[in-house]
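Visitor: model the structure of this input:
(3 chains)
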Amino acid sequence: MPPLITLTTDFGARDAFTGSMKGVILKINPQAQIIDIANEITPQDIWEAGYVLKSAYSHFPKGTIHVAVVDPGVGSGRRPIIVVTEGYFFVGPDNGLFSLIYQEAERIRVHHITASHYFLPNPGPTFHGRDVFAPVAGWLAKGIASGNFGDEITDYVKLNVPAPKIVENGIEGHVVHVDRFGNIITDITFKGIQQLLGEGTNLDESSVIIAGKEIKGLKKYYAESTLGTPGAIINSSGALEIFLYKQNARMNLSIKRGEAVRFTITR
Amino acid sequence: MPPLITLTTDFGARDAFTGSMKGVILKINPQAQIIDIANEITPQDIWEAGYVLKSAYSHFPKGTIHVAVVDPGVGSGRRPIIVVTEGYFFVGPDNGLFSLIYQEAERIRVHHITASHYFLPNPGPTFHGRDVFAPVAGWLAKGIASGNFGDEITDYVKLNVPAPKIVENGIEGHVVHVDRFGNIITDITFKGIQQLLGEGTNLDESSVIIAGKEIKGLKKYYAESTLGTPGAIINSSGALEIFLYKQNARMNLSIKRGEAVRFTITR
Amino acid sequence: MPPLITLTTDFGARDAFTGSMKGVILKINPQAQIIDIANEITPQDIWEAGYVLKSAYSHFPKGTIHVAVVDPGVGSGRRPIIVVTEGYFFVGPDNGLFSLIYQEAERIRVHHITASHYFLPNPGPTFHGRDVFAPVAGWLAKGIASGNFGDEITDYVKLNVPAPKIVENGIEGHVVHVDRFGNIITDITFKGIQQLLGEGTNLDESSVIIAGKEIKGLKKYYAESTLGTPGAIINSSGALEIFLYKQNARMNLSIKRGEAVRFTITR
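Guide: Modelled structure (predicted):
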């Protein structure tokens, strides 16, 4: 099985960014298989990249190396890092992009990448994706141990991820992502509801309040909803999601990431 | 030769959708080679996905598994299916997406996918691309026979694809696709013209009427046309196409898919 | 190591164009590994494709076959060509797309592709990416010598690439590319400055004039700049670049490719 390297970046598909990274990886490690996760991350949006990476990474075979580059601080003092969890490697900037990985993983080891002999010669100040992260991923995929790239650190950057909290008859959470279809995804999860409101909580009579609108009940699938009326659903990641069947809920509700969402039991 | 799996979806490149599918496939079948056909299909546009898939699938080696997911009915009663033709496999929702494949193939066998032990555990209601179609493709690529995934069905969904018809001195057809460049592609084909108007039909003196505009004659290549004047051509798929050299014909003519196009012989 | 073929096109990800090309390549050469460099090149923008290809190609392993298709003249008299340099192959239309490769390479050999038995049968007039360039790349990757595809030519098309020139106290150059982030990249390079203004030129006290605005000094990295104020930097390709930290400099400065940029030493 060839070593797997994935890319999650804001580099788009109209420039030489991802192509250059792929070339660098393959020059170092012609056996590597490179898979695009998502390269159209909104420019500079570290949260979006973090959410997308968190959603995808664990579906890959153990040992996969996930390279993620959304890096407004490139060339500054921000550190390049390798994150090692029980199953995966992550390579990218130490700017909080991996915060959700830290939250989820059972064991974490973070290395500050300093061994510059693994970089491209004379790395420039604006494109560490090509000059630092791609070659490090290539060498990592060749079997170089993560410890060889630099010392372990413990003060890596963790973004403050707000947690849903209990309110009267329910939970208040936040919009954490809006996907291509305009579906609004929250940090209120089925698991979280069971934990906060009790194991046997019956979701059949519930209500979601978002942007001043109330959405009554949960749907079992998108098409169950009436056209033009927002619906709520526990989606395939177990998260509460607000959608508009065959349309764009974000445009309909003018919602932004971070906004409050309230889920209440109405029984 | 590694087993080939292609993707045609409306999942874009800013979310975790295609990345998750690729991970699931590679976890089941690390030998699979995954090729993106098109992941920027207009959201929920089953017709567009069907047209794109039909245009691309037969260029792949025999045995290729084409996964196509544009799936507004996900989680509802709509069935997941495997389509087996003389040369290819298709995996996706039974919502008409494969209608043009049914039309074109000599032999068709359709299986309703019910063998849930091939799915991800606990498939959710909103992302069968990841939970059902990707794993089924992965197992199919490992050599599991299509019959093992579920019984054959004959009442699979076929969209009503309108056919061009003979009118005075010519043919009336429809716009079936508008491509990235704004080229307007119709269901009037060179082959269809020969069939409907006679084998020896001379196309040299012809005329196309679209959106109330008349375009005289056929061009032999795009650059033969005057800048700013729409031209008509029999394109590389043998279809009548209306274009605007170095510009966007759709924007110029305000055309939508489904609109009528008339092709007449003026000799 | 499998033979590598890259794609740089304006074909996007919503049509069957790149998928068809990949299928054709893999049918001819199932061993080929196909890597997307960039398929969202602005439609018909030969310059953009040329710049992107030039930025990426040399990062790939020697022997890589780079297919580039931005081809408004498809089907006309413009010739299909193979370009052979000391390390790489390039396949595409003879419309100047490879001008920057010609400029950079030490040795160049250009073949006019005429051996139509390597094409798909009956190539159409609108999609040589699928019918000509993809199959030629597939056969080239199988080891067919470039000479077998057609005779060498010397009158291949070279676009007139304007060179930066010395002006009072500095250099006048041009905008050559604007990337996804809105960063404005010029043809004034660190190397060019040393050549034109002298080896020891101190860049610490310098000034850039673009679109009537003066930008004083060079930054060492993006984040060194004040939010909302354009900065200048020698980027990772050694080129003078104008940026707006975490924002879009092109939108702020309303700049287009080709516009003049003046770099002066103010010490």
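Visitor: could you measure from residue A:28 over to chain C?
Guide: Shown here: residue A:28 relative to chain C, a distance of 9 Å by C-beta to the nearest C-beta, to the nearest Å. Any C-beta I mention is one placed from the backbone N, CA and C, and that applies to glycine too.
Visitor: ignore what I typed, I meant residue A:188.
Guide: Distance from residue A:188 to chain C, by C-beta to the nearest C-beta: 30 Å.
Visitor: now do the contacts for that residue.
Guide: With contact set as C-beta atoms under 8 Å, 6 or more residues apart in numbering or on different chains, residue A:188 has these partners: A:164, A:171, A:173, A:239-240, A:261, A:263.
Visitor: make TSV out of the residues you listed and add distance to residue B:143.
Guide: Putting the contacts of residue A:188 into TSV (distance: C-beta to C-beta, whole Å) gives the following:
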residue	distance to residue B:143
A:164	45
A:171	47
A:173	45
A:239	36
A:240	40
A:261	46
A:263	45
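Visitor: check those residues and tell me the two furthest apart.
Guide: Using C-beta to C-beta, these reach their maximum pairwise distance at A:171 and A:239, which is 12.2 Å.
Visitor: the nearest residue to residue A:250 once chain neighbours are set aside: neighbour count?
Guide: For residue A:250, ignoring the flanking residues on the chain, the nearest one in space by C-beta to C-beta, 6 or more residues apart in numbering or on different chains is residue A:182 at 4.1 Å. Residues lying near residue A:182 (other C-beta atoms under 10 Å in any protein chain shown) number 18.
Visitor: also residue A:207?
Guide: 17.
Visitor: residue contacts, it?
Guide: A:214-217, A:263-264, A:266.
Visitor: which of the contacts of residue A:188 fall in strands?
Guide: Among those, the subset assigned to strands under DSSP state E consists of A:171, A:173, A:239-240, A:261, A:263.
Visitor: will you turn those into TSV that also has pLDDT and distance to residue A:207?
Guide: TSV is the format used below for the ones in strands among the contacts of residue A:188 (pLDDT from 0 to 100; distance: C-beta to C-beta, whole Å):
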residue	pLDDT	distance to residue A:207
A:171	97	12
A:173	98	14
A:239	97	17
A:240	98	12
A:261	97	11
A:263	97	8
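Visitor: distance to residue B:5 for those residues - can I get that in JSON lines?
Guide: As requested, those are exported to JSON lines (distance: C-beta to C-beta, whole Å):
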{"residue": "A:171", "distance to residue B:5": "40"}
{"residue": "A:173", "distance to residue B:5": "36"}
{"residue": "A:239", "distance to residue B:5": "28"}
{"residue": "A:240", "distance to residue B:5": "32"}
{"residue": "A:261", "distance to residue B:5": "37"}
{"residue": "A:263", "distance to residue B:5": "38"}
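Visitor: filter the residues you listed to the buried ones?
Guide: Buried residues within those, defined by neighbour count using 16 or more other C-beta atoms under 10 Å in any protein chain shown: A:171, A:173, A:239-240, A:261, A:263.
Visitor: go through these and say which is closest to residue A:109.
Guide: Residue A:109 has its nearest neighbour among these in residue A:239, at 28.1 Å by C-beta to C-beta.
Visitor: pretty sure the closest one contacts residue A:184?
Guide: No. Using C-beta atoms under 8 Å, residue A:239 is not in contact with residue A:184, being 10.2 Å away.
Visitor: re the thing from before, of the contacts of residue A:207 - the most surrounded one?
Guide: Most surrounded of the contacts of residue A:207: other C-beta under 10 Å gives residue A:263, at 27 neighbours.
Visitor: partner residues bridging that residue?
Guide: Here residue A:263 sits in beta bridges with residue A:171, residue A:208, as judged by DSSP bridges.
Visitor: does it really touch residue A:206, like I thought?
Guide: Yes. Look at residue A:263 against residue A:206 with C-beta under 8 Å: they come within range, at 6.5 Å.
Visitor: give the residues shared as contacts by the two.
Guide: Each of residue A:170 lies in contact with both residue A:263 and residue A:206 under the rule C-beta under 8 Å, 6+ apart.
Visitor: where does chain A dip in pLDDT?
Guide: Counting by pLDDT under 70, chain A shows no low-confidence range.
Visitor: residues from it in reach of chain C?
Guide: Counting by C-beta under 8 Å from any C-beta of the partner chain, chain A comes close to chain C at A:10-20, A:22-24, A:26-27, A:30-31, A:34, A:36, A:43-44, A:72-76, A:78, A:123-127, A:130-131.
Visitor: sweet, I'm off.
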